[in-house]
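Q: coords please:
(chains A and B)
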Protein chains: 2
Amino acid sequence: MPQYTAPTADMQFVLHNVLKISESKTEGYSDLDSGFTGAVLEEAGKIASEVLSPLNVVGDTEGCVLENGVVRTPTGFDEAFKLMKEGGWTALDCDPEYGGQGMPYVLATAVGEMFSGANIAFNMYQGLTHGAYSAIHAHGTDEQKAKYLPKMVSCDWTGTMNLTEPHCGTDLGLMRTKAEPQDDGSFKITGQKIFISAGEHDLSDNIIHLVLAKIPGGPEGIKGVSLFIVPKFMVNDDGSLGDRNAVAVGKIEEKMGIHGNSTCVMNYDGATGYLLGTEHKGMRAMFTMMNEARIGVGLQGYAQAEVAYQNALIYAKDRLQGRAVTGTENPEGPADPLIVHPDIRRNLMDQKSFTEGARAFVMWGASMIDDHVRAGDELADDMVSLLTPVIKGFLTDKGFECAVAAQQVYGGHGYIEEWGMSQFARDARITQIYEGANGVQALDLVGRKLALNGGKAVMAFFEMIKSFCKEHGEAEGMADIIGPLKEASKDLQAAGMYFMQQGMKNPNNALSGSYDFMHMMGHVCLGLMWGRMAVAAKEALAAGEGDAEFYKAKLVTARFYAARHLPATKMHLARIESGADTVMGLEADHF
Amino acid sequence: MPQYTAPTADMQFVLHNVLKISESKTEGYSDLDSGFTGAVLEEAGKIASEVLSPLNVVGDTEGCVLENGVVRTPTGFDEAFKLMKEGGWTALDCDPEYGGQGMPYVLATAVGEMFSGANIAFNMYQGLTHGAYSAIHAHGTDEQKAKYLPKMVSCDWTGTMNLTEPHCGTDLGLMRTKAEPQDDGSFKITGQKIFISAGEHDLSDNIIHLVLAKIPGGPEGIKGVSLFIVPKFMVNDDGSLGDRNAVAVGKIEEKMGIHGNSTCVMNYDGATGYLLGTEHKGMRAMFTMMNEARIGVGLQGYAQAEVAYQNALIYAKDRLQGRAVTGTENPEGPADPLIVHPDIRRNLMDQKSFTEGARAFVMWGASMIDDHVRAGDELADDMVSLLTPVIKGFLTDKGFECAVAAQQVYGGHGYIEEWGMSQFARDARITQIYEGANGVQALDLVGRKLALNGGKAVMAFFEMIKSFCKEHGEAEGMADIIGPLKEASKDLQAAGMYFMQQGMKNPNNALSGSYDFMHMMGHVCLGLMWGRMAVAAKEALAAGEGDAEFYKAKLVTARFYAARHLPATKMHLARIESGADTVMGLEADHF
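A: Residues are numbered from 1 along each chain as shown, chains lettered A, B, ... in the order given. Down below sits the predicted model:
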C-alpha cells in the first residue's frame, strides 16, 4: 500500500527561506509567519496522509458507478469530502465576503499540492468547484455571486467546466451547443458536452455547471461563444433548491486513470441557463478558470511525481538486491539496498531534483499571482501569463516522466497494481492532456505569450536571470550552479532570436520548435529555482539555523540539476535551429 | 476501434534494399528472394490485421480469469491460437528435425513484429514457448529434445521461464526455490515463483516450465543455480500425458496492461523436475533464453510504437481542428486536419523516424544472429552481444515514449479506453521492465559488454561507423545525415573514453552514466540505420524502381532523425562527464 508524507519542511523552506513571504509587502503576507504556515501545513498534511491517501487506491479500484442517472463515488469519498468541508479546507483562499478564509494563494497552493498528491481524483471535485467559483467571482453579477458563491465556497454545491464536445476540443469555435434566449432573460441550453470532470456525483446537494454555448445569430466561430451558469437543481430566490434542470449525465467514461473522479458525458436538453459575463465573450470569462486550472494542473503533475518518488525512495532503501560495486554496504544482510546502485541513485536524484524544483517554481508563480491580485503588480501578472504554459506543459511532462521513473525502481512490482505505482503513472498521464494538451501550451507560449505586450514579460524574465547570475555567480560554491544556468539561459535566448528571425520568414520555423522551447524554458526556470534555493540554503547554513543536512542536501541537489538537466537546453536549441524543413518536409499523403 | 496494418513494404525495403539478404552467403538466405518474403509477410500481415488485432481490445477488457485452478484466456484467444498453430506460424524458424520450418531468424523477426504489434499479450504465449524451446534445443539431452521439442514447436505444449521470486528479481543469487535430487535422477522442486507469464492458461495441452532452483549443498549465490524442466503434466515414454505434476497457479496478478496474458504466481510443491544442462550452470542455460527474449522485448517495444503511430496518423489526418497557420488547407471543411499543425507533425515524425529506424536496427541484429548461427561468424555474435542491451533498453524506452506521444495526438480521446490508445501505452510499459529492467540493461552494456573480449566488439562497432561515414559522407545529399552521425559517434567514443579513464578511479563514475550511454548508443545505432536506409533509398531512386515517393520519404525522415534526434548525444555526454559526484553526493539518509 503506497504512502504519502506531507513535505512540510520543504514547503516551509520555499515559503520562508526562498520566497521570504513574511517580508513581502503584499496584503495578507505579513500574517504568514513560519509558525502560522507551519500549523496550517501540518494540519493539511495530516488529512492528506491519513484520510485522502488511503482512499487513493480505493478510488482507483472501485471507480465511479452510474446507476439510474445517479453517480456513486467510491467508498469513503463522501465522508472525506464532509471532513474537508467542515475543516474549511475548500474555502482557504476564497473571498471572505462569501464565506472564504481569504488566505493568500501561495499558501492554498502548498495545501493543494498535498491534497492533490495524496489523491488527485478526489481533490478534483473541490478543484473544479474552485475554478467555477473564480469565474463567477470575476464575471458574475452581484446577484449571481450572492446566489451561488457561498454554497460553492463551502462545497455544499460543486462546480464544473463544460467546454469539449465530441467533435471539438481545442478548436472551440466549432462548438454546436446552442443557447436560445428566453423572454425572462434566461437561455435554453441544448447540446452535448464530453469529458466533464465531476459532471455528476453524490458528494454535493447541487452542481453548478459552467457551460460554453452559442447564441444563435451571433458571430461565427470562437467570437460567438458565451458562458452560462446551468445549475443541476434550480435555485429559488430564498436559496432553497427547486426543480431538476434539464441536464443529465449520459455516461461515465472508462479511463486510463483518475478513476475516482467521474468523467461524464453531459446532455443539455433545453436546460435553463444564465449568462455569465458578456454575450459572445464567453472565452474571456472561461480563461479566468483556465489559467487558474492550468497552474493547478501543473501542480497536479509534480504532485504525482512527488508521491511516486516518496514511495520509490522507501522501496529503494528497503529492497535488498545486489551489492554495491564499491564494496558491501549491508554486510549483515543477504544483499545491499537498491539505493546503493548508481543508476538507481541517478533515477532518484532525477525525481528529487525535479519535484523540489517544480514546487519552488509553482509556489513562486502563486506568489506572483498574489502580488498581482493583492498588490496590483502588473509585471507579476504578465510574468505569470508567460509562465503559465511552462508550468502546465513542462511540469506535467516531467511529472509523468518522474512517476514512470519511480515505477521503474520497483521492477516488476511496479507493473502490477498491488504496489500502487502504476496508478501514479496512470493518474499523472491525464495532466499532460486536460486543460489544453501540452502541444497547445507550447503553441500558446511561442505563438502568443512571447510577444505579449511587445515581449515585455520575456525580456523581464531574461533580465531577472541575468541579474540573479550577476549577483550570485561569484559567491563561493555557486559556480557549478550559476555557470550552467547562464549557459541554459543563453540557449533559450538564442532560440527566441531564431524564432524572431526565421519565424518572420515562415511561422512554421517557430512552431516546429515550440515544444522544445517550452521544455527549454522549463529547464531554465527550474535552474533559476535551484539557484535561488542554493542561495537560501547557504544563508541558512551561514546562520547556523535548523538542520544543516537539510540545507546541504539542497546544495547537492542544485548541483545535480545543473550538471545533469540543464545541458538539455543545448539539445533543444539544436532541434529548434533545424527549423521546419525536416518537420514539414513530407506531404501528409506520404507519411 | 484501433487498427493494425502490416508494414510489409517497409519490411521488404529493410530486407532487400538495406540488408540485401538474398545476396548474403549465409545458409538459407538465398531462398529469401523478394517474392518469397513478400508472400510470407503478406500472409502474416493478414492474420495480424484480421485475427490478432481485433482481439487486442478484447484481451485488455476481459483479461484472464482464474477459477478453481484453471485460467481462462479471453474470448477468441483459443481459436486464434489454433489458427496460428495450423498455419505453422509457431514453427517458422524452428529446427526442421523437430517439425520446424527452418527459416532464418531475420524473417521470423519481421513476422514477430507484426504479431506483437497487433496483439502483444496474445503473442507472448507463443513467444515464451519459443524461448523455452531454444533453451532445451541448446542445452537438452537428445532424449529431452525428442520428448519436448516437437510438441513445443507446434505449440501443442507451451513453455514458460521461471526466474523471479517474491524477494528477488535481478539478484537471482538470493533464490530460495530448492531442487532435491531423487534416486531416479529427477529432482523435487519446491518454492514459489512470481511474474510467470503464461504460467497457466487454457490454450495448450501441457505447459513446460523451465525453472531455476538451487540444489542443496551446492555453491552459494548465483553459482549454485540450476535449470530444470518441470512439465505441468508428466510425459510418458510414449509421449502421452500422465499425472498432473505438483505445480499449481496461486493467483493471477492485476497489472497495468498486457491483460490478455496470464501473469501467474506459481507454487512448486515437490514437483518433479529434470535437470536441463549442467548442475549449477543454470544461469548459462537461462541466458540462451534471455538474450533471445531481450531482443524479442526490444521488438515488442517498437512494435507497440508502430501500431500506436499508425492510429495516431489516421486520427491526425481525420480529425478537423483549427487552421494551418500558413493558410487554410481544407477550405471545404469547418477546420483543417490536425496533421497541418507543426507540433503535431513534429510528434508524428518523432514516432515515424523512431519506429522505422528501430525496425532496421532489430532486423539487422537478427541478420547477425543468422550470420553467427548459420555461418559461424563470431564477430557477428560479439556484435549482437554488445547490441542486445541497447536493443532491449533503448527501443523499449523510446517505444513507450512514442506510444505515449501517439496517445497525446488524440487529446482527451487518448485518455479514455474507447479509442485503444491507452492500451498501447499501458502494454508498452512492461517492455521497459521485464527481461531485465532497463537500468540492468545499461549496467550490462557498460559493466560487461564494452569490455567483452578486450573491447573487440565495440571497437569493431566504431570502425564500422567510421568506414560507413567515409564511404558515403561525400555523396550528394548525404551531408545532413552523415555529418550528425559522425558527431554523435564522436560523442559516444568520448563517453567510452571517460568511462575508461574515470571509471578506473571510481567505478561509480562509469555506472552513474550507464543509462545515458545506453541511450547515446541507441541514437548512434538508429543514426547508422538511417544512413544505411538513405543510401538504399538513393540507390532505388537512381535505379528508377518502385514508388519514388516511398524512397523520397525515407530521405526526409533520415534528415529529420539526424537533425532532431542525434543532437541528444551531446546532452548525454555532458551528463556522463559530470561523473558520480552529484549522483552519489547525498547519503541515503539525507534523501
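Q: Return the residues in contact with residue A:140.
A: A:148, A:149, A:229, A:276, A:277 (CB atoms under 8 Å, 6 or more residues apart in numbering or on different chains). For glycine as for every other residue, the C-beta is placed from the backbone atoms N, C-alpha and C.
Q: Narrow those to just the buried residues.
A: For the contacts of residue A:140, a burial check counting by 16 or more other CB atoms under 10 Å in any protein chain shown picks out A:148, A:149, A:229, A:276, A:277.
Q: Can you verify my assumption that the third one contacts residue A:208?
A: The one in question is residue A:229. Yes. Taking CB atoms under 8 Å as the definition, residue A:229 is a contact partner of residue A:208 at 6.3 Å.
Q: what sits opposite the closest residue to residue A:178 other than its chain neighbours in the beta ladder?
A: Leaving aside its sequence neighbours, residue A:178 sits nearest to residue A:190 (CB to CB, 6 or more residues apart in numbering or on different chains; 5.1 Å). Taking DSSP bridges as the rule, residue A:190 bridges to residue A:178, residue A:269.
Q: Tally up the residues packed near residue A:190, please.
A: 18 (other CB atoms under 10 Å in any protein chain shown).
Q: Enumerate every residue touching residue A:227.
A: By CB under 8 Å, 6+ apart, the contact set of residue A:227 is A:135, A:139, A:210, A:211, A:212, A:275, A:276, A:277, A:282, A:285, A:286.
Q: who wins for most neighbours among those?
A: If you count neighbours using other CB under 10 Å, the busiest of those is residue A:282, which has 30 neighbours.
Q: Return the residues in contact with it.
A: Residues in contact with residue A:282 (CB under 8 Å, 6+ apart) are A:212, A:213, A:225, A:226, A:227, A:228, A:276.
Q: Quick check: the two most widely separated of the residues you listed?
A: Farthest-apart pair in the contacts of residue A:282 is A:225 and A:276; separation 12.0 Å (CB to CB).
Q: sorry, back to before: return the subset of the contacts of residue A:227 lying in strands.
A: Of these, the ones assigned to strands by DSSP state E are A:210, A:211, A:212, A:275, A:276.
Q: can you redo these as a markdown table with pLDDT and distance to residue A:82?
A: Converted to a markdown table, the ones in strands among the contacts of residue A:227 look like this (pLDDT from 0 to 100; distance: CB to CB, whole Å):
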| residue | pLDDT | distance to residue A:82 |
| --- | --- | --- |
| A:210 | 97 | 24 |
| A:211 | 97 | 28 |
| A:212 | 97 | 31 |
| A:275 | 98 | 33 |
| A:276 | 97 | 29 |
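Q: and the stretch 101-250 of chain A, which residues reach chain B?
A: Neighbours of chain B within the stretch 101-250 of chain A, by CB under 8 Å from any CB of the partner chain: A:164, A:167, A:168, A:169, A:170, A:171, A:174, A:194, A:195.
Q: Tell me which entries of the residues you listed lie within strands.
A: Using DSSP E, these in strands are A:194, A:195.
Q: now the residues of the stretch 101-250 of chain A next to chain B: which count as buried?
A: A:164, A:167, A:168, A:169, A:170, A:171, A:174, A:194, A:195.
Q: Cheers, nothing more for now.
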